[in-house]
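Participant: build me a model:
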Amino acid sequence: MKKQLNAEKAANISSFSLDIAKEIGELFRKITTYVKPSSEEWKIPDPKECLVHDSYEHSCLQALKKSLNNVKNQLSDKNLEVWHQHTSFTNRAGKIITHVRTAANAEVCTQAWCKFYEILGTFSLVPKQALQYGELNTVHLCEAPGAFIASLNHYLKSNSLYCDWTWVANTLNPYYEGNESGSMIMDDRLIANTLPWWFFGSDNTGDIMLQKHLLELQGFTKNMRTVDLVTADGSFDCQGNPDEQEALVAPLHYCEAVAALLLLSQGGSFVLKMFTLYEHSSVCLLYLLNCCFRSVHVFKPATSKAGNSEVYVVCLDYCSKEAVRPLLSKMIRNFGPDVASRGSLFPNSLIPVTFLRQHEEICNYFYKRQVEMITENLQLFHSMTTEQRQKLNNLRDCAVEFYMDQFQVRYLHRSKWLSKNIIPGCIANSKLFGHRKQFDSFNERKELESLAWKDKVLKGYYKGQVEKHILEGMGTDCVLVGPAEDCDVDSWYVLVDMGTMLQKISQELLIPDLQHLTLHDGEPRYQCELLGCILQSLKNLKTGASLVLPILSAFTRFTAGLVLALHQCFRSVTFRCPTTADTVGSVAVLLCMDYQQPPSRLLTFLGDVHCQMSNLPEPGNSCQVLQFVPMDALLKGALPEFLWNMNMAIAGHRLHMLIVAEQGGIMQPQIN
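Facilitator: From the prediction side, this is the model:
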């Protein structure tokens, strides 16, 4: 550990009372450590016993799980938004993020940023040999939006830890159309400006739970002399089944840990986000990590909400990779999202009793503190006195002072950020996903899941978007003024998907029995015909002419690239949505006016793309062109906002028309 947290520091803050300072000091000391016995009985199990035995339930840990879930169930009738506002106020660390963002000028300053800075200030994550040789290499898994990377950058530069730092990051690709939107972080400000450092794999999904991606990531980092630090901050949305969060996320934790053990060099560090540690899968994983690292800590950052189950497993000083290599080979062979079906990592008989006792103590420690916080939140939710409110404010103010002093958070000039703000990122796309789509109480959300699709729309989050089409004429004030002049066609390239985007999209369609009504413009034959139509038109149009082009949508990078190409060819591009109730035939229309002869290289390039598409295998082989314009070009200028407005209008229009057809009439908007 880098240094012991010092509660006396907080106590010396003269403007706060001793009891306030003491409570905040304890908030920053939620650390537990496994202590290896001198007998060296904690050894890596025989690979032959790995992933062949049935899973096991630890009665003591399962009792904690049941008890914790009973406490959590008291929240099932609470409105999510109201409860979130309440717990944000009771959160002792609730003011830290805002303060750090302004006082330290922190880049991508999120809760994750503050949590990782706290981890960096508490543990010696950066190996001494890395600083000694002036070279640091790090890999960050499940990293979107990049807060851990930005936090590490701030830490290194503000503390004058000068070294040649190289990093690589992986996350679910926010630009891959087949990824489920709810599983991704839509803030791409850092990603957009640092794309060459992000690994998305050969199929462009960014899914680290694919075996081929694990091996490709190893190749992606081969130029690193050593890998000194791996972080893994992944999770799934488990709000639909919160009682089984740990079991649901276990396969991801397995894959993240295997990746770290494969990539890390001797002496390296690993930081893994986990939750409750009650399942046998967690027992096995923590035991393995203790066998592979000199020291393992379970840490709850003060900036992690005290009422949730989140903890960080901090592993320091990776032992020789040779010792784990035979087991690691078998774990890689069984790598993937279905690893839980292949048996437990180790049989319970190979887990030493000395380890289990320590593990149970650690679980008890975090269980008690989580239950204490939830219980307090429930009590304060029903009644909060003026004195209690004042004390919470004092605690929150004290936490800010303690955090800034304890971790020496300093101001960093924008010139030292990772992103120079060349590309603002697709902020427009975060408008929709930035909202909390799961609102009301847990019980009400479960009731909503049982409804038919149209009732889900009418009673759910998207109701306003459906009605908006009736109330507003979309597209009248949305214009791309061109021709675009800053497009470098020579930098464009074709990216072909050899994966399963179409299957992913078809599985996520809202209405399974109407696939012919899909809103997606991702079907390869449609894309090929659309490009062919545009090419033919551009070759025949005369200067000053106009083009009226029906279009399904621009949900894919491919169609977005076509819109950008048209933007280079016309002085103005806008769109309209039809008012007809003909659901099957209704499409958006691009209105492209005042044609200007484009550079010949643009037409040549588009012709080459069309030829390549025509020669691809049949769509059934899941092979298609994903993009031909680099993402950084698609994120420039007015194009992202234009695409956002057009796609939202199309989605709202189509949903409205589908509901009208289902009801056999015209749906009237409800105006309060």
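Participant: check which helices and strands the helix or strand encompassing E447 sits against.
Facilitator: When secondary structure is defined by DSSP states H and E, E447 falls within helix 442-449. When contacts are defined as 3 or more C-beta pairs under 8 Å, 6 or more residues apart in numbering; DSSP states H and E, helix 442-449 sits against helix 453-459. Just so you know, the C-beta spots here come from the backbone N, C-alpha and C atoms, and that holds for glycine as well.
Participant: average pLDDT across the helix it packs on?
Facilitator: For helix 453-459, the mean per-residue pLDDT is 72.
Participant: quick check: C592 is in a strand.
Facilitator: Yes - counting by DSSP: H, G, I helix; E, B strand; the rest coil, C592 is part of a strand.
Participant: low-confidence stretches in this structure?
Facilitator: Low-confidence segments of the chain (pLDDT under 70): 1-14, 421-440, 442, 460-476, 498-514, 516-519, 579-586, 618-622, 663-672.
Participant: quick one: the spatially most central residue of it from L418, how far?
Facilitator: In the chain, the residue lying closest to the centroid (C-alpha atoms, centre = their mean) is I185, at 3.6 Å. I185 sits 17 Å away from L418, going by C-beta to C-beta, to the nearest Å.
Participant: just F275 next, same as before
Facilitator: In this view, F275 and L418 are 29 Å apart by C-beta to C-beta.
Participant: quick one: which of the two has more around it?
Facilitator: More crowded of F275 and L418, by other C-beta atoms under 10 Å: F275, with 21 against 18.
Participant: can you pull the contacts of that one?
Facilitator: Counting by C-beta atoms under 8 Å, 6 or more residues apart in numbering, F275 makes contact with 235, 245-246, 249, 309-311.
Participant: okay, now the domains of the protein?
Facilitator: Listed by automatic domain parsing, the domain ranges of the chain are 34-76+103-381, 464-663.
Participant: please work out which of those domains is packed deepest.
Facilitator: Mean neighbour count (mean count of other C-beta atoms under 10 Å) peaks for domain 34-76+103-381 among those, with a mean of 19.
Participant: mind listing the strands for the stretch 51-200 of the chain?
Facilitator: 135-141, 164-170, 198-199 (DSSP state E, counting those that start in this stretch).
Participant: ditto for the chain
Facilitator: Under the criterion DSSP state E, the chain contains strands at 31-33, 135-141, 164-170, 198-199, 229-232, 269-274, 293-299, 311-318, 480-481, 495-497, 547-551, 570-576, 588-595, 624-627.
Participant: what lies in contact with the fifth one?
Facilitator: Strand 229-232 is contacted from outside by 116, 125-127, 136-143, 148, 253, 256-257, 259-260, 263-264, 268-273, using C-beta under 8 Å, 6+ apart.
Participant: again, only using 6 Å
Facilitator: Under the criterion C-beta atoms under 6 Å, 6 or more residues apart in numbering, residues 125, 138-142, 148, 256, 260, 263-264, 269-272 lie in contact with strand 229-232.
Participant: partner strands of it and their direction?
Facilitator: With DSSP bridges as the test, strand 229-232 is paired with strand 135-141 (parallel), strand 269-274 (parallel).
Participant: any chance of the ones you listed in TSV, plus distance to R357?
Facilitator: Below are the strands paired with strand 229-232 laid out as TSV (distance: least, C-beta to C-beta, whole Å):
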stretch	distance to R357
strand 135-141	31
strand 269-274	19
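Participant: so which of the ones you listed comes closest to C50?
Facilitator: strand 269-274 (19.2 Å; C-beta to C-beta).
Participant: could you measure from the closest residue to L217 other than its chain neighbours over to A633?
Facilitator: Nearest non-adjacent residue to L217, counting by C-beta to C-beta, 6 or more residues apart in numbering: F199, 5.6 Å away. Here F199 is placed at a distance of 21 Å from A633 (C-beta to C-beta).
Participant: same question, D397
Facilitator: Relative to A633, and taking C-beta to C-beta, D397 is found at 46 Å.
Participant: please name the residues that touch A323.
Facilitator: Applying C-beta under 6 Å, 6+ apart, no residues contact A323.
Participant: residues touching the residue nearest to L217, list them.
Facilitator: Going by C-beta under 6 Å, 6+ apart, F199 touches 168, 170, 217, 220.
Participant: ditto for Q597
Facilitator: So Q597 contacts nothing (C-beta under 6 Å, 6+ apart).
Participant: at 7 Å instead, please
Facilitator: Residues in contact with Q597 (C-beta atoms under 7 Å, 6 or more residues apart in numbering) are T543.
Participant: then D397?
Facilitator: Taking C-beta under 7 Å, 6+ apart as the definition, contacts of D397 comprise K95.
Participant: closest one to K95 out of the contacts of F199, please.
Facilitator: N170 (32.1 Å).
Participant: sorry, back to before: closest one to D405 among the strands of the chain?
Facilitator: Of all the strands of the chain, strand 31-33 comes closest under C-beta to C-beta, at 18.4 Å.
Participant: for that closest one, packing partners?
Facilitator: strand 293-299 (3 or more C-beta pairs under 7 Å, 6 or more residues apart in numbering; DSSP states H and E).
Participant: hey, C-alpha coordinates of the strand it packs on in CSV?
Facilitator: The C-alpha trace of strand 293-299 is given here as CSV (Å, rounded to 0.1, in the frame of the first residue of the first chain):
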residue,chain,number,x,y,z
PHE,A,293,-0.2,-11.6,-6.7
ARG,A,294,2.0,-10.8,-3.7
SER,A,295,-0.9,-8.8,-2.1
VAL,A,296,-4.6,-8.5,-2.7
HIS,A,297,-6.8,-5.8,-1.2
VAL,A,298,-10.6,-5.3,-1.4
PHE,A,299,-11.3,-1.5,-1.3
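Participant: hey, what's the angle from it to strand 269-274? Just curious.
Facilitator: For strand 293-299 against strand 269-274, the angle by axes from the mean of the first three to the mean of the last three C-alpha atoms, to 10 degrees is 40 degrees.
Participant: residues in contact with strand 293-299?
Facilitator: By C-beta under 7 Å, 6+ apart, the surrounding residues in contact with strand 293-299 are 30-34, 119, 122-123, 289-290, 311-319, 362.
Participant: how about 6 Å then?
Facilitator: 31-34, 289-290, 311-318, 362.
Participant: again with stretch 303-313
Facilitator: 91, 93, 96, 114-115, 118, 271-276, 298-300, 373-374, 377.
Participant: endpoint to endpoint, it covers what distance?
Facilitator: End-to-end distance for stretch 303-313, by C-alpha to C-alpha, to the nearest Å: 15 Å.
Participant: nearest residue to the residue of the chain positioned farthest from its centre in space, please, no chain neighbours.
Facilitator: Most distant from the centre of the chain: K542, at 46.7 Å, with distances by C-alpha atoms, centre = their mean. Using C-beta to C-beta, 6+ apart and skipping residues adjacent in sequence, the residue nearest K542 is Y595, 7.0 Å away.
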